[in-house]
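Q: Sequence first, predicted coordinates after that:
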Amino acid sequence: MSKLKPLHDRVIVKRLEEERVSAGGIVIPDSATEKPTRGKVIAAGTGLTLASGTVRAMGVKEGDVVLFGKYAGQEIKVDGEELVFLKEDDIVAVLEG
């Protein structure tokens, strides 16, 4: 895969697949599932440059598993792999553990 380096407060995320089996054990087809809103950060920028010229450090780092909005970001394809390009503000939480 090409090495991507997002600028400023931008993040590149690879979506993580959601469980495709219902509680009753029924397998849900791809056409009936929504795109996952959980992903792993594969690259993060250096942070947001404030009006004062200082840089606010990123709250996420490479390897973090994050939650983001259903319609957040822009989908891109790099070396055949589907990724999501987000601003840090589009990320709502970091999953720990």
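A: Nice, thanks for sending it over. Residues are numbered from 1 along each chain as shown.

Q: low-confidence ranges in the chain?
A: 1-2, 18-36, 97 (pLDDT under 70).

Q: where do the strands sit along it?
A: 10-15, 38-44, 48-49, 55-56, 65-68, 74-78, 81-87, 91-95 (DSSP state E).

Q: out of those strands, deepest packed?
A: strand 10-15 (a mean of 21; mean count of other CB atoms under 10 Å). Yep, even glycine has a C-beta here, placed from its N, CA and C like the rest.

Q: re the thing from before, how about the strands of the chain in CSV, adding distance to Lys3?
A: What follows is these, written out as CSV (distance: least, CB to CB, whole Å):
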stretch, distance to Lys3
strand 10-15, 11
strand 38-44, 8
strand 48-49, 22
strand 55-56, 22
strand 65-68, 20
strand 74-78, 10
strand 81-87, 13
strand 91-95, 22
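
Q: The residue most central in space within the chain bridge partners, please.
A: What sits nearest the mean C-alpha location of the chain, by CA atoms, centre = their mean, is Val13, with 3.2 Å. Beta-bridge partners of Val13, counted by DSSP bridges, are Val41, Val84.

Q: I figured it was touching Leu83, is that so?
A: Yes. Assessed by CB atoms under 8 Å, Val13 is found in contact with Leu83 at 6.7 Å.

Q: Give the residues shared as contacts by those two.
A: Counting by CB atoms under 8 Å, 6 or more residues apart in numbering, the shared contacts of Val13 and Leu83 are Ile42.

Q: Not counting its neighbours along the chain, what's nearest Asp89?
A: Nearest non-adjacent residue to Asp89, counting by CB to CB, 6 or more residues apart in numbering: Asp9, 7.4 Å away.

Q: Tabulate the CA atom coordinates of stretch 83-97 in CSV.
A: Output in CSV follows, covering the C-alpha atoms of stretch 83-97 (Å, rounded to 0.1, in the frame of the first residue of the first chain):
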residue,chain,number,x,y,z
LEU,A,83,-10.5,4.0,3.0
VAL,A,84,-12.3,7.0,4.5
PHE,A,85,-10.7,10.4,4.6
LEU,A,86,-12.0,12.4,7.7
LYS,A,87,-11.4,15.6,9.6
GLU,A,88,-10.6,15.0,13.2
ASP,A,89,-13.9,16.7,14.1
ASP,A,90,-15.9,14.0,12.3
ILE,A,91,-14.6,11.4,14.9
VAL,A,92,-17.0,11.1,17.8
ALA,A,93,-15.1,8.6,20.0
VAL,A,94,-12.0,6.4,20.5
LEU,A,95,-12.7,2.9,21.5
GLU,A,96,-10.4,1.6,24.2
GLY,A,97,-9.5,-1.9,25.1
